[in-house]
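> What follows is a predicted protein model with its sequence.
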Amino acid sequence: MKKIIIILFIMAAVSAVKSQDMNTSSDYKTAVGVKVFPGAISVKHFISQNNAVEGLGYFWQYGFRLTGLYEMHNNINGVDGLKWYIGAGAHAGFYNTSYTKDFPSRNGSVEIGIDGVLGLDYKIQGVPLNISFDWQPVFNLVGNTGFDGGWGGLGIRYTF
């Protein structure tokens, strides 16, 4: 916990020094942070005005999962900094023996599949923070095959 507080303090200090950067406006180019549920490291980078790529690394007691998404963003009129987005991508999950022990109906320790994403993205004006909320349905093609609608969550990121 102390490391997280120190990192957040350093990021806030850097943003104060670099106040001329675009990260305090209603737009941003790159953002790094966390997504809550089930918990992931998130990196989002805009490759054009309305198109972004996002990488997610989920780490928890059952193993880890890597996800890559391509997202198309559009403004919501009347709210500066608020956008909705939709996109698609893929994931690969690698699970330990605790996973198959606790969930015996699951097929194996590897899952590979395709992802969709639908969400809202808000860049707080005057502060180098971005908040997002999304739903990320997946269809596993390898491992525990089939639909899983339980992914997604609340993202909080530091913007550059």
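That came through fine.

> and stretch 130-145, how far apart are its ends?
End-to-end distance of stretch 130-145 (C-alpha to C-alpha, to the nearest Å): 34 Å.

> which regions of the chain lie under the pLDDT threshold?
Scanning the chain for pLDDT under 70 picks out the ranges 1-26, 107.

> so who does the residue most central in space within it touch?
Geometric centre of the chain, nearest residue: residue 42, 4.2 Å, by C-alpha atoms, centre = their mean. If a contact means C-beta atoms under 8 Å, 6 or more residues apart in numbering, then residue 42 has 31, 32, 33, 34, 35, 54, 55, 56, 155, 157 as its contacts. In this view, the C-beta of every residue, glycine as well, is placed from N, C-alpha and C.

> In strands only, show me the residues you listed.
31, 32, 33, 34, 35, 54, 55, 56, 155, 157 (DSSP state E).

> Adding neighbour count as columns, could you present those residues in JSON lines?
Shown next, in JSON lines, are the ones in strands among the contacts of residue 42 (neighbours: other C-beta atoms under 10 Å):
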{"residue": "31", "neighbour count": "25"}
{"residue": "32", "neighbour count": "16"}
{"residue": "33", "neighbour count": "19"}
{"residue": "34", "neighbour count": "16"}
{"residue": "35", "neighbour count": "25"}
{"residue": "54", "neighbour count": "23"}
{"residue": "55", "neighbour count": "16"}
{"residue": "56", "neighbour count": "24"}
{"residue": "155", "neighbour count": "23"}
{"residue": "157", "neighbour count": "23"}
